[in-house]
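*Asks:* Fold the stuff below for me.
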Amino acid sequence: MPQLKTRRGAVLLVALLILMMVSCLVVGTLHLAILERRLAGNVDTALRLRLAAENAARLSLQAWTPGLDSMSRGIPPMLLLNGTTTDRIEYATTAERAGTAFLIRAEARRPPPSPARAAAALLVLPPPLPPGVPVAAAALSLGPAGLAPFIDRIITLGGAAAPDHMRVLHGPATLSQDFSGILLVYGDLIVQAGVRVRGLIVVGGRLDLGTGATVAGAAHALDVGGLDGEFTLDRDIVAELVDAARLRSAVPAPGRAWLPAF
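*Replies:* Numbers count the residues shown, from 1 in each chain. Presented below is the predicted three-dimensional model:
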């Protein structure tokens with residue numbers, strides 16, 4: 001009998017040990033599941049905040065203001081955008097001069113009780129078209145009243161923005177075939193007789209229009225020679241081409257535009 005009681009005591013001890021091991025296993029599994037869920041939630045939050053910051057930086061390209069063009073290096077950053085997304089993520093963007101380009105800094109925050117933040121930095125070039133200068137105020141704009149004095153800027157920045165939407169010629173140049181789109185000319189341009197042009201022309205020198213030639217859209221030139229053709233103002237054509245070429249928007253700088261941000 002004493003031996004039987006000893007065995008019964010051993011069975012009870014073994015049962016308790018097994019129960020303890022199972023309890024530890026269950027508790028450990030639950031802990032790992034909770035930890036994994038928290039990590040997944042943190043990764044999801046970090047991704048949402050990062051995407052919100054990058055999206056805010058891209059939206060800032062459309063919110064360019066004329067005051068940025070006159071900003072000098074060393075001036076405090078200018079606020080461009082601030083708002084809240086549908087996920088209740090607060091964002092704000094600023095712009096500052098960085099040489100010939102601008103640095104846009106964007107920050108996205110999630111408010112308490114679980115605060116978090118992410119940042120993004122985008123190096124951009126200013127819009128190819130100078131702010132405040134009308135693009136289609138008249139069928140033909142001459143001298144300082146038009147875009148001709150800014151042709152270097154338009155070609156340099158426009159080539160980075162949308163090189164496929166523009167044609168660049170080095171004058172003296174002659175246009176002998178019909179053309180539709182944006183035409184930028186360094187120097188003088190002669191549009192031969194009967195040629196039809198539809199779009200935006202910017203000539204950094206003298207513009208000559210042959211007999212029967214037509215320009216529908218808007219033309220800009222520093223000077224004119226013989227104008228035996230016809231100019232017709234069409235703001236819709238010009239607006240469509242400018243939007244397609246993104247000439248009113250800032251664009252990411254060539255190369256590595258996205259920079260590390262903390």
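
*Asks:* Now do the helices in the chain.
*Replies:* 2-60, 66-69, 151-161, 235-245 (DSSP state H).

*Asks:* other SSEs contacting the third one?
*Replies:* It stands for helix 151-161. The helices and strands touching helix 151-161, judged by 3 or more CB pairs under 8 Å, 6 or more residues apart in numbering; DSSP states H and E, are strand 116-125, strand 166-170, strand 179-186, strand 196-209, strand 251-252. Where you see a C-beta, it was placed from the backbone N, CA and C, and this is true even at glycine.

*Asks:* Apply 10 Å and report the result again.
*Replies:* Here helix 151-161 touches strand 116-125, strand 166-170, strand 179-186, strand 196-209, strand 214-227, helix 235-245, strand 251-252, going by 3 or more CB pairs under 10 Å, 6 or more residues apart in numbering; DSSP states H and E.

*Asks:* In JSON lines, list the ones you listed along with distance to Ile75 and mean neighbour count.
*Replies:* What follows is the helices and strands packed on helix 151-161, written out as JSON lines (distance: least, CB to CB, whole Å; neighbours: other CB atoms under 10 Å):
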{"stretch": "strand 116-125", "distance to Ile75": "17", "mean neighbour count": "20"}
{"stretch": "strand 166-170", "distance to Ile75": "32", "mean neighbour count": "15"}
{"stretch": "strand 179-186", "distance to Ile75": "31", "mean neighbour count": "20"}
{"stretch": "strand 196-209", "distance to Ile75": "30", "mean neighbour count": "23"}
{"stretch": "strand 214-227", "distance to Ile75": "31", "mean neighbour count": "20"}
{"stretch": "helix 235-245", "distance to Ile75": "29", "mean neighbour count": "16"}
{"stretch": "strand 251-252", "distance to Ile75": "22", "mean neighbour count": "19"}
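
*Asks:* Quickly, which of the ones you listed bottoms out on average pLDDT?
*Replies:* Among these, strand 251-252 carries the lowest mean pLDDT, a mean of 82.

*Asks:* now that strand, how far from the centre of its chain.
*Replies:* 5 Å (CA atoms, centre = their mean, to the nearest Å).

*Asks:* Likewise for stretch 21-32?
*Replies:* 50 Å.

*Asks:* Phe102: what's it in contact with?
*Replies:* Contacts for Phe102 (CB atoms under 10 Å, 6 or more residues apart in numbering) come out as 60, 64, 68-69, 71, 77-78, 80, 95-96, 122-126, 250, 253.

*Asks:* nope, Val197 is what I was after
*Replies:* 175, 177-181, 183, 191, 209, 213-217, 219, 229, 231.

*Asks:* okay, the helices of the chain, which one's buried deepest?
*Replies:* Compared across the helices of the chain, helix 151-161 shows the largest average neighbour count, a mean of 18 (mean count of other CB atoms under 10 Å).

*Asks:* Between strand 179-186 and it, find me the angle.
*Replies:* Put simply, helix 151-161 runs at 130 degrees to strand 179-186, going by axes from the mean of the first three to the mean of the last three CA atoms, to 10 degrees.

*Asks:* Ala221 and Val215, how far apart?
*Replies:* Ala221 sits 11 Å away from Val215, going by CB to CB, to the nearest Å.

*Asks:* Name the residues contacting each of the two.
*Replies:* Joint contacts of Ala221 and Val215 (CB under 10 Å, 6+ apart) are Leu140, Ile201, Leu207, Leu209.

*Asks:* Check those against Ala33 and report the nearest one.
*Replies:* Using CB to CB, Ile201 comes nearest to Ala33 of those, at 67.4 Å.

*Asks:* isn't the closest one right up against Leu207?
*Replies:* Yes - contact criterion CB atoms under 10 Å: Ile201 and Leu207 qualify, at 7.5 Å.
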